[in-house]
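Fold the stuff below for me.
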Amino acid sequence: METILIVDDEKNYPLILSAVLEEEGYETLTANSGKEALEILSSAEIDLIITDMKMPEMDGIELLEKIKLNDPEMPVLIMTAHGTVDKAVEAMQKGACTYILKPFDNEGLVIYVRKAIETYKIIKENRQLRTVIEARYNFGNIIGKSKKMVEVFEKIKKVAPTPATVLIEGESGTGKELVAKSIHFNSPRQNKPFIAVNCSALSESLLESELFGHEKGAFTGAISMKKGRFERADGGTLFLDEIGELSHALQIKLLRVLQEKIIERVGGVKPITVDFRLIAATNKNLKEEVAAGQFRKDLYYRLNVVNITLPSLRKRQEDLRLLVDHFIQKYAHERHSDIPVTGITQECERIFYEYEWPGNIRELENVIERAIILCPGETIHRQDLPRHLQESAPTLISLEGIPLTARLGDTLTMIEKKMIERAMILSNNVQSHAAKLLGIGKSGLNQKLKKYHLFNTRHETK
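Okay, the predicted model is just below:
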């Protein structure tokens with residue numbers, strides 16, 4: 001529902017205009033001065049402003065100029081009497097979309113309003129497309145070739161064209177919002193808003209207001225009406241991150257919205273129909289939360305229509321080198337040096353493969369960004385990594401752990417076998433990665449795998 005702000009120091013015209021426009025399905029707000037209008041604009045989402053030309057303290061042209069400073073494309077319709085037509089023409093030269101003469105014709109007014117709002121709607125959509133869709137989420141920004149990630153890509157391709165609700169599960173830092181955006185921008189709703197909300201970042205009362213919006217005067221500080229995220233996502237996608245943090249009261253309200261697609265703003269009684277696709281994400285196991293009584297079973301099944309589970313970085317190590325190269329390329333521009341960073345040392349790669357990555361991809365990205373800034377040469381070394389990673393580097397074999405009677409040949413054979421076993425585990429049985437970790441060729445590794453009978457049914461020969 002579009003919102004129109006009517007500004008006039010006379011009390012009758014705002015009342016008349018509101019009645020006419022609300023009958024056409026618009027929502028209206030009124031202000032009796034330019035100053036009051038600017039206060040409303042600072043806190044409410046407005047689709048059109050209709051303002052009188054002659055007002056004390058701040059006239060229509062001055063108000064127009066201030067509006068255009070904040071949003072040059074906001075449509076402003078000027079109301080004027082016959083004696084100030086020249087001023088109205090001046091206002092149009094400064095960006096007003098049109099002017100209407102008092103007393104005005106209702107049908108003519110509605111035509112002007114519809115045209116201005118439709119034009120602004122297109123402008124807003126194009127604005128969002130310019131800022132977001134330039135980096136389209138056609139899986140190009142999700143890096144991975146491992147079996148687990150290929151399965152994720154296949155699910156995105158299948159679910160994106162549908163209206164189905166999606167639940168994305170995975171540890172923090174695994175890229176849940178990136179997957180949500182990929183679903184949205186590969187769906188029929190791609191040209192509509194993608195609205196994200198972190199459910200753990202706000203208190204219950206603030207989150208309710210953020211989701212449902214509020215009416216003017218609903219609580220202290222609510223100086224004007226505000227549309228919530230449900231309304232803002234109308235026609236598009238609403239992404240609720242960390243949905244496992246919702247209170248029981250908000251779980252009930254969310255369930256009702258999903259069932260009926262109707263909301264009421266905080267402090268309001270007017271039902272508002274909303275059309276959005278819901279994608280939810282959580283780093284918790286919601287099934288366990290349901291069993292523990294922390295999450296509603298009916299809401300869980302409503303959310304879990306299609307489930308996408310993102311693997312942790314330690315469970316998709318085939319993708320580790322791909323991600324490292326991607327982040328090196330991504331942050332290359334932040335390096336204030338003529339020497340470009342092109343890669344990492346073998347020691348760093350070994351450290352990366354052995355590290356657990358509790359922060360997942362987000363932690364890896366931060367490590368690479370930091371290393372690029374601090375690295376003096378073209379290759380990232382161990383000393384360019386954070387201290388905790390430097391200290392996690394494998395230590396040299398201690399002779400104290402080897403029996404005095406051990407034979408050299410047997411000991412070297414044992415160590416070689418153990419190192420090959422470890423390299424295969426760290427690389428998820430990808431021979432090319434394991435060979436690189438060991439510093440030998442793929443054919444040499446293949447011979448040793450046969451020698452020690454270490455072939456795994458899942459190993460790859462690429």
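
Could you give the secondary structure assignment for the residue of the chain most remote from its centre?
Note on the chain: the largest C-alpha distance from the chain mean falls to residue 405, namely 61.4 Å (Cα atoms, centre = their mean). Three-state assignment for residue 405 (DSSP: H, G, I helix; E, B strand; the rest coil): coil.

Would you mind measuring from it to residue 411?
Here the distance between residue 405 and residue 411 works out to 11 Å (Cβ to Cβ, to the nearest Å). Glycine gets a C-beta too; all of them are placed from N, C-alpha and C.

Please, which helix or strand holds the residue most central in space within the chain?
When the chain is reduced to its mean C-alpha position, the closest residue under Cα atoms, centre = their mean turns out to be residue 177, at 4.9 Å. The secondary structure element spanning residue 177 is helix 176-185 (assigned by DSSP states H and E).

after that helix comes which helix or strand?
strand 194-198.

Where do the helices of the stretch 1-150 of the chain begin and end?
Using DSSP state H, counting those that start in this stretch, the helices of the stretch 1-150 of the chain run over 12-23, 34-41, 60-70, 85-93, 106-132, 147-159.

confidence score at the closest residue to residue 282 other than its chain neighbours?
Here the nearest residue to residue 282 in space, its sequence neighbours aside, is residue 244; by Cβ to Cβ, 6 or more residues apart in numbering that works out to 4.2 Å. The predicted structure scores residue 244 at 96 on the pLDDT scale.

buried ones in the helix or strand in which residue 425 is found?
Assigned by DSSP H and E, residue 425 belongs to helix 408-426. Neighbour-count burial for helix 408-426, with 16 or more other Cβ atoms under 10 Å as criterion, is recorded at 420, 422-424, 426.

what distance separates that helix from the middle of the whole chain?
Its chain's average C-alpha position is 45 Å from that of helix 408-426, according to Cα atoms, centre = their mean, to the nearest Å.

Now for the nearest residue to residue 266 once chain neighbours are set aside: which residues touch it?
Nearest residue to residue 266 in three dimensions, chain neighbours excluded: residue 214, at 4.0 Å (Cβ to Cβ, 6+ apart). By Cβ atoms under 8 Å, 6 or more residues apart in numbering, the contact set of residue 214 is 222, 225-226, 228, 265-268.

Quick one: those residues as JSON lines, columns for secondary structure too.
Written out in JSON lines, the entries for the contacts of residue 214 read as follows (three-state DSSP):
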{"residue": "222", "secondary structure": "coil"}
{"residue": "225", "secondary structure": "coil"}
{"residue": "226", "secondary structure": "strand"}
{"residue": "228", "secondary structure": "coil"}
{"residue": "265", "secondary structure": "coil"}
{"residue": "266", "secondary structure": "strand"}
{"residue": "267", "secondary structure": "coil"}
{"residue": "268", "secondary structure": "coil"}
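
and of the residues you listed, the nearest to residue 322?
Ranked by distance to residue 322 (Cβ to Cβ), these are led by residue 228 at 39.4 Å.

so how far is residue 181 from that closest one?
On the measure of Cβ to Cβ, residue 228 and residue 181 end up 21 Å apart.

Could you do residue 71 as well?
The span separating residue 71 from residue 181 equals 25 Å under the rule Cβ to Cβ.

One more: residue 66?
Distance, residue 66 to residue 181, using Cβ to Cβ: 35 Å.

out of those two, which sits in the more crowded spot?
With other Cβ atoms under 10 Å as the criterion, residue 66 and residue 181 differ in neighbour count, and residue 181 comes out ahead with 22 against 15.

and residue 214, what are its bridge partners?
Applying DSSP bridges to residue 214 yields these beta-bridge partners: residue 226, residue 266.

pLDDT value on it, please?
Looking at residue 214, its pLDDT is 92.

With residue 10 instead?
Per-residue confidence (pLDDT) for residue 10: 87.

Quick check: chain neighbours aside, which residue is closest to it?
Leaving aside its chain neighbours, residue 10 sits nearest to residue 52 (7.2 Å; criterion: Cβ to Cβ, 6+ apart).

Now do the buried residues in the helix or strand hosting residue 350.
With secondary structure defined by DSSP H and E, residue 350 is part of helix 346-354. Within helix 346-354, the residues that qualify as buried are 348-353, counting by 16+ other Cβ under 10 Å.

What average pLDDT does stretch 109-128 get?
The average pLDDT for stretch 109-128 rounds to 85.

Would you mind writing the CA trace of it as CSV?
These are the backbone C-alpha positions of stretch 109-128, laid out as CSV (Å, rounded to 0.1, in the frame of the first residue of the first chain):
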residue,chain,number,x,y,z
LEU,A,109,-6.0,14.6,-9.0
VAL,A,110,-6.2,10.8,-8.8
ILE,A,111,-4.8,10.5,-12.4
TYR,A,112,-1.8,12.7,-11.5
VAL,A,113,-1.3,10.7,-8.2
ARG,A,114,-1.3,7.3,-10.0
LYS,A,115,1.1,8.5,-12.7
ALA,A,116,3.5,10.0,-10.1
ILE,A,117,3.5,6.9,-7.9
GLU,A,118,3.9,4.4,-10.7
THR,A,119,6.9,6.4,-12.0
TYR,A,120,8.5,6.5,-8.6
LYS,A,121,7.9,2.8,-8.1
ILE,A,122,9.9,2.1,-11.3
ILE,A,123,12.6,4.4,-10.1
LYS,A,124,12.9,2.7,-6.8
GLU,A,125,13.0,-0.7,-8.4
ASN,A,126,15.7,0.4,-10.8
ARG,A,127,17.7,1.9,-7.9
GLN,A,128,17.7,-1.4,-6.1
